[in-house]
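> For reference, the sequence and a predicted model appear below.
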Amino acid sequence: MKLSDNTLRRFISAAQYLEAEGITELPSGARMPVAAVERVARIAAREPERRQQLLKDVAEGRLTIVQLRGMLKKNSKTAARRRRASILEEPLEERALAALEARGVLKRSDAVLATFQGLDQWSYFDSHTKPALIILLSRDRRIIVMDDRSIGGTAASFIRQRREFLRNILAGVGLYDLVLVFASIWHEDIGKLVCAMRPEMRQRIILLGPEA
């Protein structure tokens, strides 16, 4: 096809995103440019409830790439303001310990915090979306804390980050006593994943944050 490897990767990534949204073919005359799909994916990573409507508007010609570029710029500025505001919020550690204490899992004064990289299981997780915190209950009992707001500083696409974050939740359920998840960006996707789990797995997940 005389296309570069990078262009082919973009085509494949865009096709995978559309397929994940249930779009496998387009009506006659409809267009779905790769650049438009990429921008929709980046906007939807922060506002997932908008993705279906944005894709529909692109396919029906009501949204151009230029308009999407402007929306993405505005979206990025809003996200930056939210990140600055989140600095003033209750720290993740305090939020997690309060949730566990309220459920009678532990007393806050007994909790021991550890970095994820210091434990043997870190190699089983995708590094781009690795857990934010480990809470040690005893030598053999551990709780993992994940925060989708901490994702960033990587060249990985939003689609890949979302997929890895969800996969890391599943890995955490298999390896730890409890998995606490601060669901902010991908709360809708995380909610669907939790609902699809078997009851015994679902009971080991605690959602934190206003979206819980």
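All right, it came through fine.
> By mean pLDDT, flag the weakest helix or strand of the chain.
Taking mean pLDDT, DSSP states H and E as the measure, the chain has helix 65-86 as its least confident helix or strand, at a mean of 73.
> from the chain's centre, how far out does the helix or strand following it sit?
Sequence-wise, the next helix or strand downstream of helix 65-86 (DSSP states H and E) is helix 92-102. Its chain's C-alpha centre and that of helix 92-102 lie 21 Å apart, by C-alpha atoms, centre = their mean, to the nearest Å.
> outside of helix 92-102, which residues touch it?
If you take C-beta atoms under 8 Å, 6 or more residues apart in numbering as the criterion, helix 92-102 is touched by 106-108, 111, 113, 132-133, 135, 143, 145, 147, 178, 180, 182, 206, 208-209. Using the backbone N, CA and C atoms, a C-beta is placed for each residue, glycine as well.
> Show me which positions of it end up buried.
By neighbour count on 16 or more other C-beta atoms under 10 Å, the buried set for helix 92-102 is 92, 95, 96, 97, 99, 100.
> Spell out, range by range, the helices that occur in this protein.
In the chain, the segments counted as helices under DSSP state H are 5-20, 34-46, 51-59, 65-86, 92-102, 158-175, 187-196, 199-202.
> Alpha carbons only: can I get the second one in PDB?
Taking only C-alpha atoms (Å, rounded to 0.1, in the frame of the first residue of the first chain), the coordinates of helix 34-46 have been written out as PDB:
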ATOM      1  CA  VAL A  34      -8.000   8.500  11.100                       C
ATOM      2  CA  ALA A  35      -7.000  11.900  12.500                       C
ATOM      3  CA  ALA A  36     -10.600  12.500  13.600                       C
ATOM      4  CA  VAL A  37     -10.800   9.100  15.400                       C
ATOM      5  CA  GLU A  38      -7.500   9.800  17.200                       C
ATOM      6  CA  ARG A  39      -8.800  13.100  18.500                       C
ATOM      7  CA  VAL A  40     -12.100  11.600  19.500                       C
ATOM      8  CA  ALA A  41     -10.200   8.900  21.400                       C
ATOM      9  CA  ARG A  42      -8.200  11.600  23.300                       C
ATOM     10  CA  ILE A  43     -11.200  13.600  24.200                       C
ATOM     11  CA  ALA A  44     -13.200  10.500  25.200                       C
ATOM     12  CA  ALA A  45     -10.300   9.400  27.500                       C
ATOM     13  CA  ARG A  46     -11.300  12.300  29.800                       C
END
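> before we move on, the earlier item: for residue 28, which of the helices of the chain is the nearest?
Proximity to residue 28, assessed across the helices of the chain by C-beta to C-beta, is greatest for helix 51-59 (11.4 Å).
> pLDDT on the closest one, on average?
The average pLDDT for helix 51-59 rounds to 89.
> That helix: which residues count as buried?
51, 54, 55, 57, 58, 59.
> Which residues are in contact with the spatially closest residue to the third one that is not a sequence neighbour?
I take that to be residue 55. With sequence-adjacent residues excluded and distances taken as C-beta to C-beta, 6 or more residues apart in numbering, residue 55 is closest to residue 40, at 5.8 Å. Counting by C-beta under 8 Å, 6+ apart, residue 40 touches 51, 54, 55, 58, 68.
> Please repeat the previous calculation with a cut-off of 10 Å.
By C-beta atoms under 10 Å, 6 or more residues apart in numbering, the contact list for residue 40 reads 14, 17-18, 21, 32, 50-55, 57-58, 63, 68, 71-72.
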